[in-house]
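A.B. asks: Predicted model and sequence follow; I will ask about them next.
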Amino acid sequence: MTVLIEIKVPDVGNVAEIDVVEVLIQPGDVVALEQTVATLETDKASMDLPSSVAGTIQQVYIKPGDKVSEGSLIATVLASTEQAVVAEQAPAAATIADAPIAVSLPAMPVAPEPKAVESLQAPEVTTGKAHASPSVRLFARELGVDVAKIKTGSGRKGRILKDDVKNFVKKVLTDGVVAAGAGIPSIPAVDFTPFGETETLKLSKIKRLTGQNLTRVWLNLPMVTYHDEADITDLEAFRNALNGEKAKDELKITGLMFVIKALIAAMQQFPNFNASLSADGESLILKKYFNIGIAVDTPNGLVVPVLRNANSKSINELAVELAEKSEKARLGKLLPSDMQGGCLTVSSLGGIGGTAFTPIINAPEVAILGVTRAKMQPVWNGKEFVPRLMLPLDLTYDHRVIDGAEGARFMAAVKHYLADIRRLLL
Ligand code: CAO
């Protein structure tokens, strides 16, 4: 035997109008005793309305945005007579007046955090003041999400709804933000208006993605930067001679092309530099190809096109390819495939200036070579000081793969080739 039972709004403690924030059932749903069927809210309080009986929802009489009051019909449930008896014996549902005020809820005990969604946990200190109903909080906890991270929801007055929690999870997974920073306190937001006028500009997509990637690398890789200088006096004379032979409108060769060639020769000598750690950190994947990434400065941010198989291309071919790719980069026309497959990256600020910097590795590569401006310097040759053109180089390496001595030897090899590029022929 079955009976039709009505779920009604219980004692509301003299509140005339209650907002329906969320309706969690529809006809045909099977509900358990005490299962939340709707979220109601007054100016001061929020509550999940439980079903007073187990059964099948026949009809739903409310929708989000409706106003209800004590005794309003919420839904009808088709229940067995046994379930109806259980319902009658069950303690009365909590009244709204008894329900905790959403904004003053004590911090919920955090459920064990599933590994895959670690990054959903707030690395920042949470306030516990997120505007969300108990059922939404429970749902968020089940997914390992700290609702305080969602800040504002799409519900009335910024209330966080289940869909906001789902969208938050989707966004975090899409952004691929890794949990490495979990537990690191975030930098608190500052109101600058007391100090003067400000203007807020949206970051370009490239800047946002680069920022996420750099943070990920910074947090995950134990990086060491080693500085040295290469004597490029003879190389510069050769380069000037080469450029002097070129027609006026022909593409000139910059020192960067020779740096690429010297780098490849050193990578051939030290294969650990042409490698990536496996995801589990247990093995090293050695690459047998030589694709060099070049950091290019564009109006929208930094991008790294890759010169594929740079070992088998001539200096002129590399110059033409880099000119084409950096032009494409500045016009925002690089394809994802133009930026994939790099083995090692060069970041050259030499056209701008500088004496040294500490570039961040373009992981999963294991090193990056920074270059700043070459400068004439007095160098002691054993008898006297002689003027030499010295090129500052900065090698950042992943210390899990490269140890200090190997880093220094690699740099010595790069310098060796740049000091006399005839050695590249040997
Ligand atoms: N020392 C002295 N002069 C240098 C030099 C160096 N290390 N490197 C370049 N120059 C000179 C060039 O010879 C050229 O001189 P001319 O105008 O007389 O021919 C001039 O500076 C401009 O060079 P360039 O920068 O246009 O060319 P490039 O091949 O050296 O570099 C590219 C190309 C794409 C790497 C560069 O244009 C660029 O975008 N650099 C910025 C990269 C960046 O932002 N890195 C930071 C990333 S943070 O890790």
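C.D. replies: It's in.

A.B. asks: Check which helix or strand the nearest residue to residue 60 once chain neighbours are set aside maps to.
C.D. replies: By the measure of CB to CB, 6 or more residues apart in numbering, the closest residue to residue 60 outside its immediate chain neighbours is residue 75, 4.8 Å from it. Where C-beta positions appear, they are placed from N, C-alpha and C, glycine not excepted. Following DSSP states H and E, one finds residue 75 within strand 73-80.

A.B. asks: wait, what's in contact with residue 207?
C.D. replies: 300-301 (CB atoms under 8 Å, 6 or more residues apart in numbering).

A.B. asks: what do you get if the cut-off is 6 Å, keeping everything else the same?
C.D. replies: The neighbourhood of residue 207, defined by CB atoms under 6 Å, 6 or more residues apart in numbering, consists of residue 301.

A.B. asks: So the single nearest residue of the stretch 201-350 of the chain relative to the ligand, which state does it fall into?
C.D. replies: Closest approach of the stretch 201-350 of the chain to the ligand (CB to the nearest ligand atom) occurs at residue 350, with a separation of 2.0 Å. When classified by DSSP: H, G, I helix; E, B strand; the rest coil, residue 350 comes out as coil.

A.B. asks: how about it, phi and psi?
C.D. replies: phi -60, psi -30 (degrees, to the nearest 10).

A.B. asks: Could you do the one 5 residues further on as well?
C.D. replies: Torsion angles at residue 355 (phi, psi; degrees, to the nearest 10) stand at phi -120, psi -30.

A.B. asks: Same question for the one 5 residues further on.
C.D. replies: Dihedral angles of residue 360 (phi, psi; degrees, to the nearest 10) stand at phi -100, psi 130.

A.B. asks: That one against residue 215, yeah?
C.D. replies: No. Counting by CB atoms under 6 Å, residue 360 does not reach residue 215; the two are 9.6 Å apart.

A.B. asks: coming back round to it: and the contacts of the strand holding residue 75?
C.D. replies: 2, 4-8, 53, 55-62.

A.B. asks: list the buried ones in stretch 310-320?
C.D. replies: Neighbour counts over stretch 310-320 (16 or more other CB atoms under 10 Å) mark 310-311, 313, 315, 318-319 as buried.

A.B. asks: Endpoints of it, how far apart?
C.D. replies: 12 Å (CA to CA, to the nearest Å).

A.B. asks: burial count for residue 155?
C.D. replies: By other CB atoms under 10 Å, the residues close to residue 155 number 22.

A.B. asks: and if you look at the one 5 residues further on?
C.D. replies: Residues within reach of residue 160, counting by other CB under 10 Å, total 26.

A.B. asks: Identify the residue nearest it in space, chain neighbours excluded?
C.D. replies: residue 153 (3.3 Å).

A.B. asks: circling back: kindly identify which of the buried residues of stretch 310-320 also come near the ligand.
C.D. replies: Among these, no residue is within reach of the ligand (CB under 6 Å from any ligand atom).

A.B. asks: quick one, strands of the stretch 1-150 of the chain?
C.D. replies: Secondary structure of the stretch 1-150 of the chain (DSSP state E, counting those that start in this stretch): strands located at 2-8, 18-23, 30-31, 36-41, 46-50, 55-60, 67-68, 73-80.
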